[in-house]
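Trainee: What would the 3D arrangement of this be:
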Amino acid sequence: MKHLIAAVCIALIAGGAYYGATRNAADTEQKEQTRPMRDAENAFYDAAGAKAGETEKVRTVCANFARDPAKDAEPVKSFLSKCRQFGFL
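Mentor: Just a heads-up that it's a prediction; the model follows:
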């Protein structure tokens, strides 16, 4: 009976360790996938001189670029596309 209880305990510990390891791997993978988008969005805040949550400043910068006479130039078009993608326009 002692051996049966020990075997069950070992199986439970192994199962918990496996679950924890796979869960941690899934969380890490998800964070790695969202990091480029988060970094890109943070670049907008940096360009606007805004802190996290100061979305209005970023919207103002995007709106100013949208009114820029050079808005058809490729770098500006790309910037405006990203503004739309992140919901700033």
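Trainee: Which strands or helices does whichever helix or strand Glu56 is part of pack on?
Mentor: Assigned by DSSP states H and E, Glu56 falls within helix 55-67. Applying 3 or more Cβ pairs under 8 Å, 6 or more residues apart in numbering; DSSP states H and E, one finds that helix 55-67 contacts helix 2-48, helix 74-85. To be clear about C-beta, it is placed using only N, CA and C from the backbone, and glycine gets the same treatment.
Trainee: What are the contacting residues of that helix?
Mentor: The contact list for helix 55-67 (Cβ atoms under 8 Å, 6 or more residues apart in numbering) reads 44-45, 47-50, 71, 76, 79-80, 83, 88-89.
Trainee: So how do I select the buried members of the residues you listed in PyMOL?
Mentor: Per 16 or more other Cβ atoms under 10 Å, the buried members of those correspond to this PyMOL selection:
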select buried, resi 44+45+48+50+79+80+83+88
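Trainee: Kindly indicate which of the contacts of helix 55-67 lies nearest Met1.
Mentor: Within the contacts of helix 55-67, proximity to Met1 (Cβ to Cβ) peaks at Tyr45, which comes in at 63.1 Å.
Trainee: Fine by me, we can end here.
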